[in-house]
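1. Give the three-dimensional model of this entry:
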Amino acid sequence: MAEYNSASRGMMAMSATLIASDTPKGREILRNCAVGLDEAKLDDPGLQMVVERAGELQEAVKELVQRLSLSNQYADEEVPSNYDYPSKYGGPKPIEDQIKAIAEIFGLDPTSALEYAANLPELPEGAEGWFAIPAVDALAAKHFPEVTDEAEKYCRAVLLVFEKLAASRRGLMVILCWYLLIFSGQIPTQISGPLCSF
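-> Numbers count the residues shown, from 1 in each chain. So this is what the prediction gives:
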């Protein structure tokens with residue numbers, strides 16, 4: 001049985017047990033695999049080598065199916081931006097400084113994050129720097145340990161981050177709140193709450 005998580009396709013997250021090979025689409029995929037196997041024109045010893053490496057074959061098929069199942073419907077929609085960083089922006093602060101700041105703001109212990117940051121690989125080509133992001137589980141353990149539901153942990157962590165941003169950047173949060181409300185289709189005449197009150 002395989003776990004199916006539709007969140008990677010931009011839909012609401014859900015998890016269901018699915019035996020894909022027993023579905024009509026799964027059988028079509030298997031037929032296509034058979035065509036590829038036939039076109040490989042392996043002799044008996046070649047087939048035996050593949051049989052003996054079943055684990056590798058299954059892993060390769062899994063990776064290929066996962067890659068092919070992702071949508072590329074927006075691949076041709078990338079456009080150049082007219083926006084640029086402000087002239088004063090010099091890139092991200094050193095990762096250690098980011099970790100220490102986040103730890104201080106959220107009351108977290110930075111020790112393990114600093115140890116991890118000390119062993120980061122070279123930056124990928126084109127990347128401007130490493131960025132520290134507080135882990136949902138770390139925020140949950142410190143600020144709402146009673147919450148066990150993963151979705152609720154995530155929501156509360158996001159709200160906590162927004163609250164901290166609101167405390168430091170009032171104008172940005174007003175814009176963000178309006179954006180979130182418009183995006184959700186809820187445009188009230190008056191807003192009040194821990195994040196947005198005006």
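2. Quick check: buried residues in the longest helix seen in the chain?
-> Identified as the longest helix of the chain according to DSSP state H is helix 150-168. Residues of helix 150-168 classed as buried: 153-154, 156-157, 160-162, 166 (neighbour count, 16 or more other Cβ atoms under 10 Å). (Each C-beta comes from the backbone N, C-alpha and C, glycine too.)
3. Centre of the chain to it, how far?
-> A distance of 17 Å separates the centroid of the chain from that of helix 150-168, by Cα atoms, centre = their mean, to the nearest Å.
4. what pLDDT does residue 152 get?
-> The model reports residue 152 with a pLDDT of 90.
5. Tell me which residues touch the residue nearest to residue 129 when sequence neighbours are not counted, please.
-> Nearest residue to residue 129, sequence neighbours excluded (Cβ to Cβ, 6 or more residues apart in numbering): residue 92, at 3.9 Å. With contact set as Cβ atoms under 8 Å, 6 or more residues apart in numbering, residue 92 has these partners: 98, 128-131.
6. and which of the buried residues of helix 150-168 is nearest to residue 141?
-> Of all the buried residues of helix 150-168, residue 141 sits closest to residue 153, with 9.5 Å by Cβ to Cβ.
7. wouldn't the closest one be in contact with residue 137 here?
-> Yes: applying Cβ atoms under 8 Å as the test, residue 153 and residue 137 come out as touching, 7.2 Å apart.
8. what's the span of stretch 40-48, first residue to last?
-> 14 Å (Cα to Cα, to the nearest Å).
9. And stretch 88-99, by the same measure?
-> OK, stretch 88-99 end separation, Cα to Cα: 22 Å.
10. Could you name the helices and strands sitting against the host helix or strand of residue 116?
-> Using DSSP states H and E, residue 116 sits within helix 111-117. Counting contacts by 3 or more Cβ pairs under 8 Å, 6 or more residues apart in numbering; DSSP states H and E, helix 111-117 packs against helix 95-106.
11. Tell me the gap between the helix it packs on and the middle of its chain.
-> The answer for helix 95-106 is 21 Å, by Cα atoms, centre = their mean.
12. Let me see the mean pLDDT of it.
-> Mean predicted lDDT for helix 95-106 stands at 93.
13. Quick one: list the elements packing against it.
-> Partner elements for helix 95-106 (3+ Cβ pairs under 8 Å, 6+ apart): helix 111-117, helix 136-143, helix 150-168.
14. Kindly reformat those helices as TSV containing distance to residue 36.
-> TSV is the format used below for the helices and strands packed on helix 95-106 (distance: least, Cβ to Cβ, whole Å):
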stretch	distance to residue 36
helix 111-117	41
helix 136-143	41
helix 150-168	38
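15. what's the closest of those to residue 39?
-> helix 150-168 (43.7 Å).
16. about what we covered before: mean confidence score for the helix holding residue 116?
-> Per-residue pLDDT values across helix 111-117 average out to 94.
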